[in-house]
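Engineer: make a model of this:
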Amino acid sequence: MEDDADLRRMFRHALTFAGFDVQEVGDGLAALRAIEADRPHGIVLDLGLPLVSGHTVLQDVAAQAHTRQIPVVVVTGQPGDHDGLEVACVLRKPVSPDELVIVVRRCLASGAPGMRS
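Structural biologist: Numbers count the residues shown, from 1 in each chain. This next block holds a predicted model:
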């Protein structure tokens, strides 16, 4: 879930090549709909999404019992943007495709909870 189309495409290619089944969206409203329609095994989330912010997406994921434990990897370019967030992992932009794959694999393999209650 990334609003920059080129970065989103790069993330999709890297994760798909690594064997992940990827669904991509470019705004927070589409993210909420996608999460509700097909509960993912993990979420890669930019906090600066249009329409509905990534922070709001996180709040919604945390509020729902059926999504609360989905591991969330936050990708952000804003300093301090992730302070106080209860997420599995945080990546600071710029993010290389290899770095993204390593962190997603680590978070999923560790059974890291998405949003802690």
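Engineer: secondary structure class for the residue most central in space within the chain?
Structural biologist: Ranked by distance to the mean C-alpha position of the chain (Cα atoms, centre = their mean), the top residue is Val44 at 1.9 Å. Assigned by DSSP: H, G, I helix; E, B strand; the rest coil, the conformation of Val44 is strand.
Engineer: pairing partners for it in the sheet, please.
Structural biologist: Here Val44 shows beta-bridge partners Val73, assigned using DSSP bridges.
Engineer: which residues touch it?
Structural biologist: Each residue near Val44 by Cβ atoms under 8 Å, 6 or more residues apart in numbering is listed here: Met1, Glu2, Phe11, Leu15, Val73, Val75, Leu100, Val104. Every residue, glycine included, has its C-beta placed from N, CA and C.
Engineer: sitting in strands, which of those residues do you find?
Structural biologist: Val73, Val75 (DSSP state E).
Engineer: would you turn the contacts of Val44 into CSV with neighbour count, pLDDT and distance to Arg39?
Structural biologist: Formatted as CSV, the contacts of Val44 follow (neighbours: other Cβ atoms under 10 Å; pLDDT from 0 to 100; distance: Cβ to Cβ, whole Å):
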residue, neighbour count, pLDDT, distance to Arg39
Met1, 26, 77, 14
Glu2, 25, 78, 20
Phe11, 23, 94, 20
Leu15, 20, 95, 17
Val73, 22, 90, 16
Val75, 24, 89, 20
Leu100, 19, 95, 21
Val104, 24, 92, 17
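Engineer: good, we can wrap up now.
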